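>>> Could you work out the structure for the sequence below:
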Amino acid sequence: MVRVSRTLPKQSFAWARRTLNFVVALAAIIALAPVFVLLAVLIKLTSRGPVFYTQERVGLDRRSSGAAARNHGRLQDLGGRPFTIYKFRTMQVDAERLSGAVWATPTDPRVTPLGRVLRQYRLDELPQLINVLKGEMNIVGPRPERPSIFAELRGHIAEYPLRQRAKPGITGLAQISLPYNSSLDDVRAKVSFDLEYIRRQSLREDVRIMLKTIPVMLFRRGGW
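Here you go, the predicted structure:
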């Protein structure tokens, strides 16, 4: 099993990281405000339903090991603190009513025509900057998963819960290195990148990944 330190970052590092994330998120929201408005209008005009898509995700796991960890009730079951993620809606309303929570595919019929473009350029993720301002996510970190899929994946991949030892992110080492997930093998590969990021996380590494995310978005690398 891959070992990941459960020690939280030093207070000074945590403060500097929080400051960096807050400043970058706030600046991005201000700079991209016209893009937010344009995308919201296009989504409203091209498909029925709300502009934003909200969903519960599994977040940071701050629990210590031992008996104390068993007293966290639902947090213990989920594997981390739950929070509500914000995204631009890319699917038809009630897209998962029959299928449930499943991975998207390149020709997924549930995705709207505009939603396909948003996914290719990762523009549907922009509202998560609000999650960063709220302190629920960082710009960089392992991608947060919904509770039902998290429960399934930790049953297949022993190291999967270790990802929750870092605050989830909009982008990450796995996202700039690999395409969207379409199988368990894809998830295993991404988990290895996530754990590598956790081992060597630093402000420099975060800035490097942020900068490498820009060409991933512009040139539609790994998205569909």
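>>> From V24, how far off is the spatially most central residue of the chain?
By CA atoms, centre = their mean, the chain has its centre lying nearest to R143, at 3.1 Å. From R143 across to V24, the span is 18 Å (CB to CB, to the nearest Å). C-beta: built from backbone N, CA, C; applies to glycine.
>>> the helices in the protein, which residues?
For the chain, the helices defined by DSSP state H cover 11-31, 33-46, 74-78, 113-120, 128-133, 147-156, 173-177, 184-200, 203-218.
>>> Can you check which of these gets nearest to R63?
helix 74-78 (7.0 Å; CB to CB).
>>> Run through who's touching stretch 38-50.
For stretch 38-50, contacts defined as CB atoms under 8 Å, 6 or more residues apart in numbering pick out 51, 88-89, 92-93, 112-115, 118, 123, 126.
>>> Redo those residues as CSV? Include pLDDT, distance to L45 and neighbour count.
What follows is these, written out as CSV (pLDDT from 0 to 100; distance: CB to CB, whole Å; neighbours: other CB atoms under 10 Å):
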residue, pLDDT, distance to L45, neighbour count
V51, 96, 10, 15
F88, 98, 13, 23
R89, 96, 13, 23
Q92, 90, 15, 16
V93, 87, 15, 12
T112, 94, 11, 20
P113, 94, 12, 8
L114, 97, 9, 19
G115, 95, 13, 24
L118, 96, 14, 22
L123, 96, 16, 21
L126, 97, 18, 21
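>>> wait, what's in contact with the closest residue to I198 other than its chain neighbours?
Spatial nearest neighbour of I198, excluding adjacent residues (CB to CB, 6 or more residues apart in numbering): A166 at 4.9 Å. A166 makes contacts with 60, 138, 141-142, 194, 197-198, 201, as judged by CB under 8 Å, 6+ apart.
>>> please redo it, this time with the cut-off set to 7 Å
141-142, 198, 201 (CB atoms under 7 Å, 6 or more residues apart in numbering).
>>> per-residue confidence for R165?
Per-residue pLDDT puts R165 at 93.
>>> From D61, how far out is it?
Separation of R165 from D61 (CB to CB): 6 Å.
>>> same deal with N131?
For N131, the distance to D61 - CB to CB - is 17 Å.
>>> I'd like to know which of the helices of the chain has the weakest mean confidence.
helix 74-78 (a mean of 60).
>>> circling back: so which pair among the contacts of A166 is furthest apart in space?
P142 and Q201 (10.7 Å).
>>> Looking at the two, which one has more neighbours?
Applying other CB atoms under 10 Å to P142 and Q201 shows that P142 carries more neighbours, namely 27 against 19.
>>> Could you pull up the contacting residues of the more buried one?
So P142 contacts 163, 166, 168-169, 172, 194 (CB under 7 Å, 6+ apart).
>>> If you rank those residues by neighbours, which is first?
Among those, R163 has more neighbours than the rest - 30 neighbours, counting by other CB under 10 Å.
>>> And the closest residue to that residue other than its chain neighbours, what's its pLDDT?
The shortest distance from R163 to any residue other than its chain neighbours is 4.1 Å, reached at P142 (CB to CB, 6+ apart). Residue-level confidence at P142 comes out at 97, pLDDT.
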